[in-house]
Structures are given as structure tokens and as C-alpha cells.
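> Sequence first, then the predicted structure, then my questions.
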Amino acid sequence: MINNKKLYLVPLSAYQYISRLLPGSCRYYPTCSEYAKWHFELNAPHKAFAQSGLRILRCNQLFTGGIDYPVIKYKIPHLLTLNQNLKHIKYWIVPKGEHLFYIIKDYGAY
């Protein structure tokens, strides 16, 4: 059985591969496809669709663009349950507000 997240991530990865051949046109960092990819990796599909759709609607001349990291709800785990192997950090979780966090990808880990 195919992993539910892979069902959404494979088309996004294919789109990102093709879009690298074209000139960049996204007004935001991270790009809209990367934003959607991060949401699908960390959220339920219905939340990821909603957030990604709103982001795509904002990616036009009426909005200024700029840096717009994904924001997710996250419950911080107890210290004893944290994984001791910290060599493979993929995302940094930065506090924004009450149970809301920015997601920032760690590009140095790859």
C-alpha cells in the first residue's frame, strides 16, 4: 500500500523538477511548491490543501510577496521522548505564538 503522504509529495516533486527548467516566477520564499511540500510532510492532507491553496491565491501582483514560512500547530514533546540522534534534522520549529510554530528547512543537513 502506498504511503498517504507519498500520494501528494510525488506530484509536487515532479512539478518542482520541471519548474527548475523554467524561469522563477514565485513572489515568495519558500516557493509555493516548496511551501506545499512542507505542509504535506507535516500536516494532515486537508489542512495542507487549504494552506497551499491560500498561498497560491496570494502569489500574484496584488500581494508584495517576501518571506512566508509555513505555520503549523505543534505540541512540544516531553524531553524524555526526544530522539537522541540529532544528526538528521530536516526542519527547525521556531515559536510564533501559543502552540503555533514556523517551519524552516535545514539545508545544511543535506
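Alright, I've got the coordinates.
> CA atoms for contacts and neighbours, from now on please.
Will do.
> Tell me which residue lies nearest the centroid of this structure.
When Cα atoms, centre = their mean is applied to the chain, the residue found nearest the centroid is residue 38 (2.0 Å).
> shouldn't that one be in contact with residue 70?
Yes - at 7.5 Å, residue 38 counts as touching residue 70 under the criterion of Cα atoms under 8 Å.
> where does the chain have low pLDDT?
Residue ranges of the chain with pLDDT under 70: 1-3, 76-88, 109-110.
> ok, longest helix in it?
helix 4-19 (DSSP state H).
> Would you map the helices across the chain?
Along the chain, counting by DSSP H, helices occupy 4-19, 32-42, 45-58.
> Most tightly packed of these?
helix 32-42 (a mean of 20; mean count of other Cα atoms under 10 Å).
> what helices or strands is that one leaning on?
In terms of contacts (3 or more Cα pairs under 8 Å, 6 or more residues apart in numbering; DSSP states H and E), helix 32-42 is packed against helix 4-19, helix 45-58.
> what angle do that helix and helix 4-19 make?
Interaxial angle, helix 32-42 versus helix 4-19 (axes from the mean of the first three to the mean of the last three Cα atoms, to 10 degrees): 160 degrees.
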